[in-house]
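J.: Sharing a model prediction with you, sequence too.
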Amino acid sequence: MFMKRICRKPLLPLLLLLVILLGVLFPTVLNQSIEKSYTELDELYAGIVIQCKLIPQTYIGADFALAPEIGDQISRMDEVSGYYCELNCPYYFRDPGPSSGNSMAHGTNDIYRFAEEHALELCFPVGESIDFSGDENICVVSEDLLDAASRSIGDTVTVAGSVSTAEKDTNAPDLNLTIVGSFTAEDTDIPWNAIIVPKACFFDTAELLSTAEGIRRWRVYTAFDFTIDQACNKEFDTVKEALQGIVGDKWLLYSTSRELYRAVQPLEKKLQMQEMLFRIVTVLFVFLPALITFLLCTKDKNEVLIRILYGEKPSRVFWSSWAPYTGLVILYGMLALLLSQAMGYLNGWNITGIVAVSILAAGIAIGLLCKTKLVTLYQSREG
Amino acid sequence: MSDLVLRNICYRYPKTRQMVLHEINATFREGTVTSIRGQSGAGKSTLLYLIAGIDHPVSGQLLWDNTPVTDLSAYRRNVVSIISQSYLLFPTRTVLENVCYPLHLKKHPHNEAAEEAKQLLQSVGIDKKLYDRLPEKLSGGEQQRVAIARCLATNSKIIAADEPTGNLDEENTQIIVKLLQRLAHKNKKTVIVVTHDPAVAQMADKQLQLAAGNLIDE
């Protein structure tokens, strides 16, 4: 009988079905769009390289140069994926050496970029390449120095750290370096008698470039830049805070993060809007079917009235009226479930919410009718 | 002979606390049509609600067959039927289903119930082709006749008619009045009609007037 009645007045039941299906369809479409935006956002985060550089807050004295401990600490951070450094200290040839006196030892972790930065032309034995990121005791010197020291590639030289470029530290420990390449240059700031060594020679090998007294104030970075691991781009603000904590307030962390933010912010805003819309739509489509169910049930006022007038107990009228609506809503919920599965996004909570609230609304509507005093219900009858 | 007796019935509106019926005493005989007239607000509908078991009196007793009516649900189920100005038919059930309803309620088998309903509909002059229509497709007179047929299906002893011709034209009014007379005289029902229409009231075997909370013979 209930289904017959539904078929005879199908407008509201069909509207209810439509709204329940839309209540699944809209969140599904929105969810797919949100997932797509998240993927785009992840790709965007992963596709942008944040370049960082430390800039001194003051240019007075030793503050201009970055202390080696700080640079080293940063270079070892997990969030730092690539860095480039140059550091130097005075040195001198121990034995045998050119008579030109002291010069500078330059350390780097990337000899090729160093050569590019200082306009050097590198010369290695054919087919070989040099890796300065390791901890080998090797060096690259100028062709002129090779001649002056009567050395050739593959020879070893002994050097030592110095107090300054003018004063030798005769007690400084030795460092034996194998010459692995040479350079020539026409227009460079690197003097002919300088040596270029891996950064590790300044720290890891034996710290032989320390002065005799162990003073390391001359071992300073003259260039230090790095990038953030792209996987950590999303947490850049936290990384920045950690970096700033390491370098202290004398140094300012300059980064190209603005480029990242400029790229991701529109998408993040769009994502926020989509998520807000998703929440609104989800809530709306829980309550809209409930409202229609409520209206549908209140249309049964005469049905309830006549049945009670004919002596049926209100409790019996309630249960026998509520049960078919519960069945109808569950049926619609199952159709919504099928639609949801077909679309590849199953949100069980959403469907459960829609069905549960609608069943509750039906219960409230019919309950109110059955609980109304019979004379009041009779007087408010529809005719 | 089963009579409906009102004994010292009093009623006051719950909201306004206004006493509208003062110690009403009346007897409605089996096989008669009794009309109750009165001005608007006199309390005729209220009196009918009490007779039809829709509401309780504040004090006094309703006696059916010399027994006080205490269980109104059972009273409505077994003794009284109401005919309303607005016909009170199930809107989403067909004419036949409407008449079958009380029979199903009394556990009549479906086929038998349908046959009996058809006979009842025929007896009130409803054309066969209207059986499967929804009430809204019928005229007012036809709907009221279906409502009467449904009353007959309940086999109630009392028919309480609340302005049964209020929405009908003269021709249909005559048909309904004759049907009510037939229910009383032929089917031995106790028919109580509340009406403001003097013409309808005059066709009753007994005419009562409700004035100032009291029921008096006209």
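T.: That came through, no problem.
J.: So which residues on chain B come close to chain A?
T.: B:49, B:52, B:54-55, B:73-78, B:81-82, B:84-93, B:97, B:101-102, B:105, B:134, B:154, B:167 (CB under 8 Å from any CB of the partner chain). C-beta here means a position set from N, CA and C on the backbone, and glycine is covered the same way.
J.: Can you flag which of these belong to strands?
T.: Counted as lying in strands by DSSP state E, out of the residues of chain B next to chain A, are B:Ser81, B:Ile82, B:Ser84.
J.: What is the lowest-pLDDT residue among those?
T.: When those are sorted by pLDDT, the bottom entry is B:Ser84 at 87.
J.: which residues does the closest residue to that one other than its chain neighbours contact?
T.: Excluding its sequence neighbours, the residue lying closest to B:Ser84 (CB to CB, 6 or more residues apart in numbering or on different chains) is B:Asp162, at 5.0 Å. Taking CB atoms under 8 Å, 6 or more residues apart in numbering or on different chains as the criterion, B:Asp162 is in contact with B:Ser45, B:Leu48, B:Ala52, B:Ile82, B:Ile83, B:Ser84, B:Gln85, B:Val194.
J.: rerun at 6 Å
T.: B:Leu48, B:Ser84, B:Gln85, B:Val194 (CB atoms under 6 Å, 6 or more residues apart in numbering or on different chains).
J.: same deal with A:Leu271?
T.: Shown in contact with A:Leu271 (CB under 6 Å, 6+ apart): A:Ser37.
J.: go on, the one 3 residues further on?
T.: With CB under 6 Å, 6+ apart as the criterion, the residues that contact A:Gln274 are A:Ser33, A:Ile34.
J.: if you average pLDDT over the host helix or strand of it, what comes out?
T.: Per DSSP states H and E, A:Gln274 falls inside helix A:257-298. Averaged over helix A:257-298, pLDDT sits at 91.
J.: could you say what helices and strands whichever helix or strand comes after that helix packs with?
T.: Once helix A:257-298 ends, the next helix or strand along the chain (criterion: DSSP H and E) is helix A:301-309. Counting contacts by 3 or more CB pairs under 6 Å, 6 or more residues apart in numbering or on different chains; DSSP states H and E, helix A:301-309 is packed against helix A:314-342.
J.: let's see it at 7 Å
T.: When contacts are defined as 3 or more CB pairs under 7 Å, 6 or more residues apart in numbering or on different chains; DSSP states H and E, helix A:301-309 sits against helix A:314-342, helix A:348-371, helix A:374-379.
J.: For stretch A:123-141, C-alpha coordinates in CSV please.
T.: Extracted in CSV, the C-alpha atoms of stretch A:123-141 (Å, rounded to 0.1, in the frame of the first residue of the first chain):
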residue,chain,number,x,y,z
CYS,A,123,92.9,21.0,-16.5
PHE,A,124,92.7,17.3,-15.5
PRO,A,125,94.4,14.3,-17.0
VAL,A,126,92.3,13.1,-20.0
GLY,A,127,89.2,11.2,-19.1
GLU,A,128,89.3,12.0,-15.4
SER,A,129,87.0,14.1,-13.3
ILE,A,130,87.6,15.4,-9.8
ASP,A,131,85.2,15.1,-6.9
PHE,A,132,85.7,17.7,-4.2
SER,A,133,82.8,16.5,-2.1
GLY,A,134,84.8,13.7,-0.5
ASP,A,135,87.4,13.7,2.1
GLU,A,136,90.5,12.9,0.1
ASN,A,137,93.7,15.0,0.6
ILE,A,138,93.9,16.4,-2.9
CYS,A,139,94.5,19.8,-4.4
VAL,A,140,94.3,21.7,-7.7
VAL,A,141,97.0,24.3,-8.3
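J.: Tell me which residues of that stretch come out buried.
T.: Residues of stretch A:123-141 classed as buried by neighbour count (16 or more other CB atoms under 10 Å in any protein chain shown): A:Ile130, A:Phe132, A:Glu136, A:Asn137, A:Ile138, A:Cys139, A:Val140, A:Val141.
J.: What is the nearest of these to chain B?
T.: Within these, the smallest distance to chain B is 88.6 Å, found for A:Phe132 (CB to the nearest CB).
J.: pLDDT below threshold where in the chain?
T.: Just so you know, I chose chain A. A:57-65, A:68, A:95-102, A:126, A:163-167, A:169, A:203-220, A:382-383 (pLDDT under 70).
J.: Wait, chain B was what I had in mind.
T.: In the predicted model of chain B, residues B:1, B:218 satisfy pLDDT under 70.
J.: Mind naming the longest strand for chain A?
T.: Criterion DSSP E: the longest strand present in chain A is strand A:80-93.
J.: partners of that one, with directions?
T.: In the sheet, strand A:80-93 lines up against strand A:103-108 (antiparallel), strand A:156-161 (antiparallel), strand A:220-228 (antiparallel) (DSSP bridges).
J.: From the chain's centroid, how far away is the first one?
T.: Just to be clear, that refers to strand A:103-108. 37 Å (CA atoms, centre = their mean, to the nearest Å).
J.: quick one: contacts of that strand?
T.: For strand A:103-108, the external contacting residues (CB atoms under 7 Å, 6 or more residues apart in numbering or on different chains) are A:85-91, A:114, A:132, A:159, A:165, A:190-191, A:193-199, A:201-202, A:209.
J.: Just give me the neighbour total for A:His11.
T.: Let me fix one detail, which is that residue A:11 is Leu and not His. Using other CB atoms under 10 Å in any protein chain shown, A:Leu11 has 8 neighbouring residues.
J.: which parts of the helix or strand encompassing A:Lys240 are buried?
T.: Secondary structure from DSSP H and E places A:Lys240 in helix A:236-247. Counting neighbours by 16+ other CB under 10 Å, one finds that the buried residues in helix A:236-247 are A:Phe236, A:Val239, A:Lys240, A:Leu243, A:Val247.
J.: Nearest residue to the spatially most central residue of chain A in space, please, no chain neighbours.
T.: Among the residues of chain A, the one closest to the centroid is A:Lys234, at 2.3 Å (CA atoms, centre = their mean). If the residues on either side of it in the chain are set aside, A:Lys234 comes closest to A:Tyr45, at 5.3 Å by CB to CB, 6+ apart.
J.: Equivalent analysis for B:Pro57, please.
T.: B:Ile9 (4.7 Å).
J.: Please apply the same query to B:Gln18.
T.: Spatially, and ignoring its direct neighbours in sequence, B:Gln18 is nearest to B:Arg12 (6.0 Å; CB to CB, 6+ apart).
J.: What are the boundaries of the helices in chain B?
T.: B:44-51, B:72-78, B:95-105, B:110-123, B:140-154, B:170-185, B:198-202 (DSSP state H).
J.: and B:Leu4, how far is that from A:Leu25?
T.: Per CB to CB, to the nearest Å, B:Leu4 is found 60 Å from A:Leu25.
J.: So between the two, which is more surrounded?
T.: Legend: neighbour count by other CB under 10 Å for B:Leu4 and A:Leu25, higher for B:Leu4 (23 against 18).
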